[in-house]
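K.L.:
What follows is a predicted protein model with its sequence.
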Amino acid sequence: LLLAACGTTNENSGSGGGAQGAPERCGADGQYTIGMSQANVAEPYRQRMDDDIRAAAASVPQFTVNFADAAQDNSKQVEQVDNFITQQVDLLIISPNEATPLTAPVKRAYDKGIPVLVLDRKVDGDAYTSFIGADNVDIGRQAGEYFKTTLLPNGGKIGELRGLAGSTPARERHDGFMQGIQGSKIEIVAAQDGDWLRDKGQQQADAILKANPDIQAIYSHNDPMGEGARIAATNAGRPDLPITGIDGLPIESGGLKAVEAGRLSATFIYPTGGQEAIAAAKSILVDCRQVPKTQTLPTKLVTKDNAAATYAELNSGS
Amino acid sequence: MTKVAALPDLARPGGGLLATLFRFQSLFGLVLVFIAAVVYSPSKNGELVFLDSGNLFNVVRSMSEIGILAVGMTLVILIGGIDLSVGSVLGLASVGVAVLLTENDLGLVPAVALVLAIGLGFGLLQGFAITSFGIQAFIVTLAGMQIARGLARIWSGGQGVSITYGEGPGQAPETFSLLGERTFNGLVPIPALIFLVVAALAVVLLRVSAFSRHIYAIGGNEKAARLSGVPVKRVKIIVFGLCGLLAALAGIVHAGQLNFGGPNDGAMYELDAIAAVVIGGTSLMGGRGSVVGTVAGALLVGVLRNILGLNNVDSNVQLLVIGLVIVLAAGLQRLRPASVS
Amino acid sequence: MTKVAALPDLARPGGGLLATLFRFQSLFGLVLVFIAAVVYSPSKNGELVFLDSGNLFNVVRSMSEIGILAVGMTLVILIGGIDLSVGSVLGLASVGVAVLLTENDLGLVPAVALVLAIGLGFGLLQGFAITSFGIQAFIVTLAGMQIARGLARIWSGGQGVSITYGEGPGQAPETFSLLGERTFNGLVPIPALIFLVVAALAVVLLRVSAFSRHIYAIGGNEKAARLSGVPVKRVKIIVFGLCGLLAALAGIVHAGQLNFGGPNDGAMYELDAIAAVVIGGTSLMGGRGSVVGTVAGALLVGVLRNILGLNNVDSNVQLLVIGLVIVLAAGLQRLRPASVS
Amino acid sequence: MDAEPRSPLVELAGVSKSYGGVHAVRDVDFTVCAGEVHALLGENGAGKSTLMKILSGEVGGHRGEIRIDGEPVRFARPADAQRAGVAMIHQELDLVPALPIAENVFLGREPRTRFGTIDRRRMVRETARLLDRIGVALDPRRPVEELRTGEQQLVTIAKALSLDARIIVMDEPTSALSAPEIDRLFAVIAELRRAGAGVVYISHRMDEIGRVADRATVLRNGEVVAEFDARAMTAQQASEAMVGRPVESMFRTGDGAGAGEELLRVEDLVVQSRRPGRRDPAGISLRVGRGEIVGVAGLLGAGRTELLETIYGVGGRWSGRILLRGEEIRPRGPRGALRLGIAFVPEDRRVAGLALEHSVLANTVLSIVDRIARAGVVPRRRERGAAQEMVDRLGVKLASLRDPAGSLSGGNQQKVVLGRGLLTEPALLLLDEPTRGVDVGAKAEIYRLLGEAASRGVGVLLASSEPAELIGVCHRVVVLRDGRSVRELDTANTTEAELLAFSMGEGAVEDLVAEGTS
Ligand SMILES: Nc1ncnc2c1ncn2[C@@H]1O[C@H](COP(=O)(O)OP(=O)(O)OP(=O)(O)O)[C@@H](O)[C@H]1O
Ligand SMILES: Nc1ncnc2c1ncn2[C@@H]1O[C@H](COP(=O)(O)OP(=O)(O)OP(=O)(O)O)[C@@H](O)[C@H]1O
Ligand SMILES: [Mg+2]
Ligand SMILES: [Mg+2]
């Protein structure tokens, strides 16, 4: 009845062995409780992840999903995972606030025989069932390449709006971008932290535009800061300044709509993996099948041309 | 004595230029920071970027929400209270106005009025809990901060609410987008104007009204105020109500500027507002302080952030610098001629 | 009267059982919340999940950092101060210990000692600024909060520092990972133990020491304390130093539990710590309160969060519930027999 | 004086109030007639203030009936009582420190202009008029916090007068005043009485009662124990009624051996005044010997408090020399002073003396906790023992050492502050108005304690506004005027009138001399 849950991927040679992370029971006639530990629902992206999971799970009658929010607090998230272990959930989905701090509790759950799906940010080691997520470095790189090839083929000065200082995605999206623009004449002349927030993005863009009126584009680490930057640009008399974001959430206030309306020049889909997580959970619990150890989600460049279509597409599924 | 009588409002007996200067120490601090900003301003095409009128108005605009909050906070602090909920109420109001204008298709006036009423009500309720159960304001408003945040998130369904303008259903009236615009030849941002009007009203209120005397008296010696027949409870409740109302106003301005109702917006704004008030020379013990000081305090922080941003200073270093300046500004305030201890 | 005299430490004149009960209202509140938690506990395999010993210790562990902060905060609040920097200092210390143990390859003892010294020094410095320049604690520590945060980010090089264990260079000694472990048959988490030891020490300190008499006296009437020969400045500086020290300790515990030094960690912890102190019956005006109350206050919040979590209550609703309970707990405290006004 | 007391304006019938187990007021009947000054006497804690707070609507939850003009009333808050014409001058000076005098006077009843804004000009004008009526020259725009205690007391009086009340309760209005202000106040009271108002006058200064009151009621333990015709009453009678047993001589009974070797010497001490417009004084010189009680006399603002504060190291900048046991010292703060064996009892016990919410125990031992501590740990038994002994010695009235200091009556609070000072076993005791608001019994008690301390070799420097006290208790009195020591008097052959005259100035002395010779 029990299946080994590891050693099924090409990327990670499984080493866990035993019954770690394998479900204690599976099958179509069971009822399963899934614990979903979210790092911070105050981020639109993560709220959408929860919503995607909720929507996808609604179509699996065997599933009940319990959501918890750590409000960007590593300790709190550890506590939540412990709570889920105490509750003996049948499967744990976690979108970690930071990798290392959550490694131990995830391992605790995994060692107790709870399958663990890690979303968005990988924990250390391999004591989990499956990682589903996109690659921030890769997205940054694609954004950089978009600048290099499409926006500023001849190079130029740009500004960067960064995510929260000290957070992993902010660093990765920056590093990837630098790789992407390598070899071009693009130069980041001003970079400020917008803490992922729209209003902070506006404020910082105000200053960037004042000090560097000659910049030719802004690279924002996410869409909301990009939206803020648009307002700043408009106020500064630069309504056409190219601004790109990341995330491309298919919601009313998300990046896709902003691209469609022309407020953002482009965005890069950073998929939440919510649907995929429920699909994987279904494989494990309902179908008693194994899932790959790593499932890297593709990103996609969204411009005005494909924004509406992408929006429709992403909201059609389940 | 006679000389003193000639300068009734500026100087205190024992004062003189120095005392006057320190009485308005935050203005003085503002001037200092302003001068520093001019000195360290980068220049473009031979012009100081900082002094560019567009930039100066940006500073006021960027501080307008904090400024509006800080005006309300000044009143609360004057009565010896504190209101930690304003940031969350700002978020709640921004969601509220966005939802009402778009999803509920309310008109501009009813939507704004309703949201202001919610802010007022929230504040009154907090004031009521504080006065009637005698719980410390810090605690009630700490709870209020969480509650308003929860409500904002529930109301918005978790995600921010975009505001689009137009005539159709689900679209907000164009007028609302004025909050993001500038007037007087596209120079003066409307939010800055609103902030200054609010501040001016508050200054006048605190100068001429009997209500203001009651505010100062409660902060200075609550028992004495009660014994003198000041309706202490009522004044306190109203002050918390006003603070909530102003927080809601700030939230509306916020939504209008960003075309967006953000349930998570306004986090930590309460601390910025309190900092502006204290830099402005208002004592956290209550009973002493002024709105003029608060406005100067808010602008001081705004100028500081602006010049650091213009110089592209690393955000971590910005944290350090702003922290130090806050302490310096508050320390400056203590240099004034010793009063009775 | 005679009966009262027989219970010198528990009851006040005019009191009796009721007064005793309210004197320890947070313990009482804790019992109430505990009972509610038992009643509403989900059950698994016929056992109440909440009462599972593993779960109970989880509650204590989850509150251990806040608890340690709250103990230091109790001292600060007793002297009529407040310390908003503790959350950031926690983050700074967690980064510090992580960097020192891994990147700098310091031994366990020097690394821990150095970080504790940094926390102590930071606190002393804040205390010095407060007493020597007479700036309000709220402001100094608000600035301190920003400064410590900035330092943490700069020290960590902009992102969290993972701690790996082993003998090699860049690896921390295994002993440090004990902080994430449990002792006594794998039942009692070490951080919980540390918290309880710290609290016990503080309780004893506040009961027997001359220093504690000075702390209470300063909070009760600073001027009278000074005139009575209490070294007010020194006591205050030491108290802020102790608070910083405990914040650093909490940061070390944090890093040890998470194997991670997080520059952004500890945000808003100061508010949780203050809430625990106030729920514990310590007055924000200073001069009144106890560490026992604070511990009960911290556990009350912990139990509440735990039971809400176990019941999978929506996180937004959790915000509302916790907010209301904080107000209720504080309100309960006011029901105690009227004392001198 | 003119009219006989007329119809009763206020009647209290069977009024009772208890706090927990303490009966503060028990079944009291009390009337005030129009045009009458009715003195209310009693020991500290007898219930005088409580009774009057009931009348003025500040204290609720009492039993019994209050009638005004024969109509039963029940006030929920002070404002109600004010509307009914009852004004009260509080024993504790309840003013808002940061607000100007004028705004304090009109707080809660601010005059408005036509536009509904406050009429500052009128407020200032009328306040100036009121202050003038009680004979103080203060700028109504000055913040109250800049005023010294006595001046603040005058402001509260002005505030009560501004109400134009028909019933004015004065709870120890003169405790911080000196002779000329008191005279002025009595003139105002006479005016009020002529105008048909009823005045309740509470004081511990027996000599005042006969001068100002028509009737006197004595409370003991919350009950009325005697009523006198105030003019016929002797201080001895009143004291006995208050205390409930015969009282011997008030003042020190010690041998009065006087100065031993020199303990303190002050030479040309000039304290830089923080107030403008005061001419720089020539300085203060005095000395105190071991076992000697030296009085410091002076009018309001003469510099008595400044002198004591400077010696204790908490004053402002100063020049001159202070010598203790022949060695020059520069006192730097209370700790240093205490280490040198100097203890200080401040003027305003509520602001500077006590943590009101804390227990009597904590307040009493505060100055010695670190001294009795072993390795930082305070031995509880020793702590309690010391406090209990001091409380017993001073006869502090309380239920338990755990009582909050704020629940004690004013006089008992004062004893706690004094006890704290005595516990440090000082060589030099600085007392600033130590019997302010203290009842006769307790005063006698305090004087006895001072005498005792002196006979053990302690030097005492006693600042006081009560000439009787200075003459009665001290060996010598130094008179201050405008920050200068103008005279040193041997109390054995000085009268109160002389002392007063020297305090007031040369002109006054000449008048006195003239009076004496004529
Ligand atoms: N708020 C209170 N709580 C508890 N006990 C009180 C309170 N107010 C007064 N008492 C008690 O009531 C009694 C009467 O006090 P009151 O202040 O009326 O005395 P008093 O005659 O005015 O004394 P004094 O001359 O010292 O001013 C005292 O025993 C006092 O301790
Ligand atoms: N902090 C201060 N602010 C303003 N004036 C002051 C201050 N300290 C002292 N003075 C003034 O200095 C003079 C001496 O005051 P001091 O209090 O020593 O006199 P005093 O004889 O003790 O009078 P009192 O009866 O008021 O206690 C007074 O004119 C007083 O008003
Ligand atoms: Mg009294
Ligand atoms: Mg004096």
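P.N.:
Received it, and whenever you're ready, just let me know what you need. None of these values were measured; they are calculated from a predicted model. Ligands and ions are numbered 1, 2, ... in the order given.

K.L.:
D:Val477 reaches D:Asn493, doesn't it?
P.N.:
No. Checked against Cβ atoms under 8 Å, the pair D:Val477 and D:Asn493 is beyond contact range at 11.6 Å. C-beta: built from backbone N, CA, C; applies to glycine.

K.L.:
Helix, strand, or coil at residue 49?
P.N.:
All of this refers to chain A. helix (DSSP: H, G, I helix; E, B strand; the rest coil).

K.L.:
was after chain D, sorry
P.N.:
helix.

K.L.:
Relative to D:Met233, how far out is it?
P.N.:
Distance, D:Ser49 to D:Met233, by Cβ to Cβ, to the nearest Å: 21 Å.

K.L.:
Same drill for these two, tell me which one is more crowded.
P.N.:
Taking other Cβ atoms under 10 Å in any protein chain shown, D:Ser49 and D:Met233 do not tie; D:Ser49 has more neighbours (27 against 22).

K.L.:
Contact partners for the residue in the stretch 251-400 of chain D that chain A sits nearest to?
P.N.:
Proximity of the stretch 251-400 of chain D to chain A (Cβ to the nearest Cβ) peaks at D:Gly376, 34.4 Å away. Residues in contact with D:Gly376, defined by Cβ atoms under 8 Å, 6 or more residues apart in numbering or on different chains, are C:209-211.

K.L.:
about what we covered before: more neighbours: which of D:Val477 and D:Asn493?
P.N.:
Using other Cβ under 10 Å as the criterion, D:Val477 and D:Asn493 rank with D:Val477 on top: 27 against 7.

K.L.:
element containing that one?
P.N.:
strand D:476-481 (DSSP states H and E).

K.L.:
following that strand, which helix or strand shows up next?
P.N.:
Counting by DSSP H and E, the next helix or strand C-terminal to strand D:476-481 is strand D:484-490.

K.L.:
Mind giving me the packing neighbours of that next one?
P.N.:
strand D:284-289, strand D:476-481, helix D:496-504 (3 or more Cβ pairs under 8 Å, 6 or more residues apart in numbering or on different chains; DSSP states H and E).

K.L.:
Quick one: closest of the ones you listed to chain B.
P.N.:
strand D:476-481 (20.2 Å).

K.L.:
Next one: the closest one, is it in contact with ligand 2?
P.N.:
No. Using Cβ under 6 Å from any ligand atom, strand D:476-481 never reaches ligand 2; the gap is at least 6.5 Å.

K.L.:
Next, the angle from that strand to strand D:484-490.
P.N.:
Taking axes from the mean of the first three to the mean of the last three Cα atoms, to 10 degrees, one finds strand D:476-481 and strand D:484-490 inclined to each other by 150 degrees.

K.L.:
OK, contacts around the one residue in the stretch 251-400 of chain D that gets nearest to ligand 3?
P.N.:
With Cβ to the ion, the shortest gap between the stretch 251-400 of chain D and ligand 3 falls at D:Arg350, namely 12.1 Å. Shown in contact with D:Arg350 (Cβ under 8 Å, 6+ apart): D:92, D:356, D:413.

K.L.:
From the residues you listed, pick the one nearest chain C.
P.N.:
Each of the contacts of D:Arg350 was scored against chain C by Cβ to the nearest Cβ, and D:Leu356 proved nearest at 6.3 Å.

K.L.:
measure the closest residue to that closest one other than its chain neighbours to ligand 2 for me?
P.N.:
Nearest non-adjacent residue to D:Leu356, counting by Cβ to Cβ, 6 or more residues apart in numbering or on different chains: D:Gly406, 3.2 Å away. Here D:Gly406 is placed at a distance of 23 Å from ligand 2 (Cβ to the nearest ligand atom, to the nearest Å).

K.L.:
and what of D:Ala190?
P.N.:
For D:Ala190 relative to ligand 2 (Cβ to the nearest ligand atom), the value is 24 Å.

K.L.:
quick one: is stretch B:249-263 near chain C?
P.N.:
No. Stretch B:249-263 stays clear of chain C (Cβ under 8 Å from any Cβ of the partner chain), getting no nearer than 9.0 Å.

K.L.:
actually stretch A:190-210, not the one I typed
P.N.:
No. Stretch A:190-210 stays clear of chain C (Cβ under 8 Å from any Cβ), getting no nearer than 9.5 Å.

K.L.:
Mind checking if that stretch is in reach of chain B?
P.N.:
Yes. Under the criterion of Cβ under 8 Å from any Cβ, chain B is reached by stretch A:190-210 at A:190-193, A:197-199, A:202-204, A:206-208, A:210.

K.L.:
Identify whichever of the helices and strands packed on strand D:484-490 lies nearest to ligand 4.
P.N.:
strand D:476-481 (10.2 Å).

K.L.:
List the contacts of the closest one.
P.N.:
Counting by Cβ under 8 Å, 6+ apart, D:258, D:284, D:286, D:292, D:294-299, D:302-304, D:307, D:470-471, D:485-491, D:494, D:499, D:502-503, D:505 sit against strand D:476-481.

K.L.:
which other helices and strands contact the helix or strand containing B:Ala143?
P.N.:
Element membership for B:Ala143, per DSSP H and E: helix B:137-156. Judged by 3+ Cβ pairs under 8 Å, 6+ apart, helix B:137-156 is in contact with helix B:86-101, helix B:108-132, helix C:269-279, helix C:315-334.

K.L.:
partners of the next helix or strand after it in the sheet?
P.N.:
Next helix or strand after helix B:137-156 toward the C-terminus (DSSP H and E): strand B:161-162. The strands that strand B:161-162 pairs with in its sheet are strand B:260-261 (antiparallel) (by DSSP bridges).

K.L.:
So which residues make contact with the strand it pairs with?
P.N.:
A:198, A:227, A:253, B:94-99, B:156, B:160-163, B:255.

K.L.:
Highest neighbour count among the residues you listed?
P.N.:
B:Ser94 (34 neighbours).

K.L.:
Identify the residues contacting that residue.
P.N.:
B:Ser94 makes contact with B:152, B:251-252, B:254-255, B:258, B:260-262, B:265-266 under the criterion Cβ under 8 Å, 6+ apart.

K.L.:
now swap in D:Arg321 and tell me
P.N.:
D:265-269, D:328.

K.L.:
top of those residues by neighbour count?
P.N.:
Top of the contacts of D:Arg321 by neighbour count (other Cβ under 10 Å): D:Leu269, with 24 neighbours.

K.L.:
and that residue, that's in a helix?
P.N.:
No. Assignment of D:Leu269 by three-state DSSP gives strand, placing it outside any helix.

K.L.:
Could you measure from the closest residue to it other than its chain neighbours over to D:Val266?
P.N.:
Nearest residue to D:Leu269, sequence neighbours excluded (Cβ to Cβ, 6+ apart): D:Gly320, at 3.8 Å. In this view, D:Gly320 and D:Val266 are 7 Å apart by Cβ to Cβ.

K.L.:
Mind listing the shared neighbours of these two?
P.N.:
What both D:Gly320 and D:Val266 touch, as defined by Cβ under 8 Å, 6+ apart, is the set D:Ile284.
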